[in-house]
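# I'd like to go over a predicted model; first the sequence, then the structure.
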Amino acid sequence: MKIRLLPSTDNNNITGLFALVWVTLIFFSFCGVATASVRDIAIDESFEKVLINEYAVTTYAANSATYFDILEGTRSFATPQTSIANSRLWMSANINHTGFSAISLVLNVDRLNLDDLQIYLLNDNNRIIKSYRYQAGKGDLSLPQPAPTIRQAFTLQPYQNVRVLIGIKDNGLTHIPITLWQRGLLEQYDKNMLVTLGAILGVFALIIAYFLLSYFHQRIATRFWLTMATVAMLATFLIFQSGLGFWPSLTNAAELAFTASITMLLLCLAKVTHHLFPRIPIHLRTINFAVALAGLYCLFVAPAQAVFILLIVFAAVGLCQVLLAIVFNENKQTGRFFSIGWLSLFALLALCVQGLYHLMVYTFDVMLAMLFFSAFSLLCFGMAAIAKEKLYNRRQLVKKEEIITDLNQFYDLFRNSAEGHYTSTWDGTLLSVNPAMYKLFGYDDEEDMLATGESTLAFYANTEDRQHLLGELSQCGHLTGKEIRAKRKNGDEFWVSLSCRMQEKSDGPRIFGSIIDITEKKQSDLNLQYLATHDSLTGAFNRRQFETEFKKNVASPSTPPVCLLYLDLDRFKIVNDTCGHKAGDVLIKDIAKVIENTLSSNALLARLGGDEFGVIYTELEEHAVYSNAEDILNVVHDYRFMWNNRIFNLGVSIGMVVCDDASVSAGQYLSMADAACYFAKDQGRNQIHRYNRNDESMQRYQRELDWVSTINGALEENRFELYYQPLRPLTKANDGYYYEVLLRLREANGKIVEPANFLPTAERFEMNVNVDKWVVTNTFKWLSENPEHLEKLKRCSINLNGHSLTDRDFTLFILNAFETYGIPHDKICFEVIESVAIIKLDDTLAFMQTFNNLGCSFALDDFGSGFSSYNYLKSLPVDQVKIDGMFIKDMLNDSIDTAMVASIKDVAKAMGMKTVAEFVENEATMTQLGNMGIDFAQGYGVAKPAPLRHFTPL
């Protein structure tokens, strides 16, 4: 089965994880401790080397025990242990020489930092032939030069038997490889090992040089940490091969140095992992470093087991690196090389474990294998870094290609843009322009513009504009949509919109700008500005601009004071109705010219709407203004308008106001002038009326104008309020709701105003149709929102005025309101005042018949106050007659009133109509009316008017 270390799916990730665990278990399967067998070592002239550990008998004894005590106790075999405190490990082995000639041997112990080592050679009688003692840090003075291992040489004669007794006292691992060598072969081995170590140093030096030089060249952090990892691996290898033996005073620090080098190696490899896989989050990086530092912790907690713990830490760190690579890998090739590199390190780890625990001899082949796995792992890490860099370079290349593509597109846009683009220096020297730019300024081509118009200063109609532009650029660094007047090559001026930005360059600031021709837009804007302030028909100021100018002049008191004329043409409606609107427009245009030609130089004329004009005078005395108003009056009177062979003469009514009171607002002055104009028209037309605050008629009209403003405000702001007044049945039990809807006006201060105060003004200025529409709409809306009330409703009476009855649109409006709100027709009664109904009898009949056919009822209000002809009752399709209150309030004391009420009741009853008595103020009157046969009573004696939203049944 093939194991993939860099899967592309979750299942493959799990497979890779199990593969790593499996490899780790294989490595550590070599960590089992072998049990020594009891056999003699037989040698002859062909002997080369043997591992003493495989033949020796081992036991533990107290530190105070002598070799003789050990000889007596070796009959008790002990299972080998890694360490026993306050004890010494003793190893005993028999060597039998079966050859025919003497042989030189060397006992080699592959560990220098032992606390205490004793070696005894005994004959058959257990007498000492030779002894040797070694202590860490003191070296071996018997050797001509320092050696990386502990060695004891001796010679065996033919058929000589010796017993080797070795005592080891150390707080660390006590299972150290002890080898018996043929002396000549050991010397050859040492020579080969020196060559091998030289090769190893050379290989590592090349790897270090490559990574270090490439780091200085490319400044890629991964290569730096690979350099440091190689240095740490070399140091670890040298320490592991007892390299400190050449410095006897340092052998006590071997375990510390080994732990530090391993930890450094793991930290460097962790940094390599983080750079190869940058998506690893910070908390996992911290954990990765913490695991690598665990080896240092063992020196303080369990120094005797430092090497053992380091091997576990090494394996754990390796697993962490590979797992992180699996989870956060972005490039298959990088992950593949990285994982193979760690597999190679696992193989190296297995060799180290085999040597430490399985008592393997480090032969030349083993050294080459360790060199191979070390170099191969570093090579794989380097290849992973190269793969990562290639991926990065490919991405950078793609980005550069995209940038180049964007630049090409930008250049195409620059060349083909409809906008003019240019680049210039800060002093105005042109560096580049696009075709739209040189065409816009009237040049033949780019070279012509750069050669002829070499400075942007020549493009400004006003050279000061460029100075202002540079000032804004120096402050903000850019500007957008700056409108300036530019100048073409031939000197023609035109409007452009300029946008530009400043960018610093090594040789000074650059200005990158774009220009759009906005001449047509500018002209259109000017036209719009003109239309916004002027009347399109006459060319005079419009009402809005007139009011603006008037407010400005009134706000600045002057001597003489500002004077205002308000003009209204007389008999203009005749021309408009007779000849049509086209003729009316021509007339207004001609009259405006006539008036303008008559005005003094310091006067301002405006058309205020329809056939109304206004004139503002400044710096002109009152008498001079009045004189000019007379001139206007005369020229308009003398003017003759001809249309289709018909001649029309006109007149003008003029209201004049002197604005000499600072406490009066501009709006109030306009109202005064309007009132004066209306008064002039009311007094016979074609005259001038000067506004006088003490004129009672003027004051009355002014109050009406104020009510007009109040009514309009109430309609716009919904400040009308519905009231109701109940009707009490007098001839039957109360079987439902009967009431009349009334109207109130709530002023801005919250005060409730009775309709008698404002309805006459509304009728005079023909505003009552809109008022009736508001009442109908809001009554129907309230009824639709209160279905329970609507169900009990018998009759809801709504008052209508004469203008509404003659308005065709009003009829359609009510029909639509019935449909919109779903109000049953038979629940609505429209009340019409007797006098209005009779004056406009035909229109009233048409309206009544329309809604009578739908089921609505009608009441004739204030009957008896008007024409009082019973003949009209026969002509009008009314269902009830409301007897005027002037007959009701004194009927108990006036027999004539009683007779009139009885007469009206009898006629109504004869015609099948119901009767309603108004202004019933007490119970006695109500009783008398009931006795007379009046059907309903209405008045304060029944109930006072109240808000409809607070409806309370009788």
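Cool, the structure landed.
# every contact and neighbour count from this point should use C-alpha atoms.
Will do.
# what helices or strands is the top strand by length along the chain leaning on?
With DSSP state E applied, the strand covering the greatest number of residues in the chain is identified as strand 493-505. Applying 3 or more CA pairs under 8 Å, 6 or more residues apart in numbering; DSSP states H and E, one finds that strand 493-505 contacts helix 464-476, strand 478-487, strand 508-517, helix 519-533.
# repeat that with 10 Å
strand 420-425, helix 464-476, strand 478-487, strand 508-517, helix 519-533 (3 or more CA pairs under 10 Å, 6 or more residues apart in numbering; DSSP states H and E).
# okay, now the sheet partners of it, with direction.
strand 478-487 (antiparallel), strand 508-517 (antiparallel) (DSSP bridges).
# what mean pLDDT does it have?
On average, the pLDDT along strand 493-505 is 88.
# how about the strands in the stretch 151-300 of the chain?
161-169, 178-182 (DSSP state E, counting those that start in this stretch).
# possible to save those as a markdown table with mean pLDDT?
Compiled in a markdown table, the strands of the stretch 151-300 of the chain are given as follows (pLDDT from 0 to 100):
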| stretch | mean pLDDT |
| --- | --- |
| strand 161-169 | 89 |
| strand 178-182 | 89 |
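# for Ala917, which of these is the nearest?
strand 161-169 (135.1 Å; CA to CA).
# for the closest one, which positions count as buried?
Buried residues in strand 161-169, counted by 16 or more other CA atoms under 10 Å: Asn161, Val162, Arg163, Val164, Leu165, Ile166, Gly167, Ile168, Lys169.
# ok so, going back, closest one to Phe851 among the strands of the stretch 151-300 of the chain?
strand 161-169 (127.3 Å).
# tilt between that closest one and strand 178-182?
Interaxial angle, strand 161-169 versus strand 178-182 (axes from the mean of the first three to the mean of the last three CA atoms, to 10 degrees): 140 degrees.
# and the strands of the stretch 151-300 of the chain: which comes nearest Ser663?
strand 161-169 (117.6 Å).
# partner strands of the strand or helix carrying Tyr60, with direction?
Using DSSP states H and E, Tyr60 sits within strand 57-62. Strand 57-62 has the following sheet partners, assigned by DSSP bridges: strand 87-97 (antiparallel).
# in the very next helix or strand once past the strand holding Tyr60, what's buried?
Downstream of strand 57-62, the next assigned helix or strand under DSSP H and E is helix 67-73. For helix 67-73, the neighbour count (16+ other CA under 10 Å) marks Tyr67, Ile70 as buried.
# use 830 as the first number from now on
Yep, numbering from 830; the last one is helix 896-902 now.
# quick check: mean pLDDT of helix 896-902?
Mean pLDDT, computed over helix 896-902, is 75.
# again, but for stretch 1352-1362
The average pLDDT within stretch 1352-1362 is 79.
# chain center to it, what's the gap?
39 Å (CA atoms, centre = their mean, to the nearest Å).
# swap in stretch 1667-1683?
With CA atoms, centre = their mean, you get 64 Å for stretch 1667-1683.
# what does it contact?
1631-1637, 1639-1640, 1643-1644, 1653-1655, 1657-1659, 1661, 1664-1666, 1684-1687, 1695-1698, 1701-1702, 1704-1708 (CA atoms under 10 Å, 6 or more residues apart in numbering).
# ok, now with 6 Å
Residues outside stretch 1667-1683 that contact it (CA atoms under 6 Å, 6 or more residues apart in numbering): Leu1634, Thr1635, Ala1666.
# what residues are up against the last one?
Taking CA under 6 Å, 6+ apart, we find Ala1666 in contact with Thr1673.
# what about it, which SS state?
Look at Ala1666: counting by DSSP: H, G, I helix; E, B strand; the rest coil, its state is helix.
# which pLDDT value belongs to it?
70.
# could you dump stretch 1596-1604 to CSV, C-alpha only?
Output in CSV follows, covering the C-alpha atoms of stretch 1596-1604 (Å, rounded to 0.1, in the frame of the first residue of the first chain):
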residue,chain,number,x,y,z
MET,A,1596,-61.7,77.7,-0.9
ASN,A,1597,-64.8,75.9,0.4
VAL,A,1598,-64.7,73.1,-2.2
ASN,A,1599,-61.4,71.9,-0.7
VAL,A,1600,-62.8,72.3,2.8
ASP,A,1601,-65.8,70.2,1.9
LYS,A,1602,-63.5,67.5,0.4
TRP,A,1603,-61.5,67.4,3.6
VAL,A,1604,-64.8,67.0,5.7
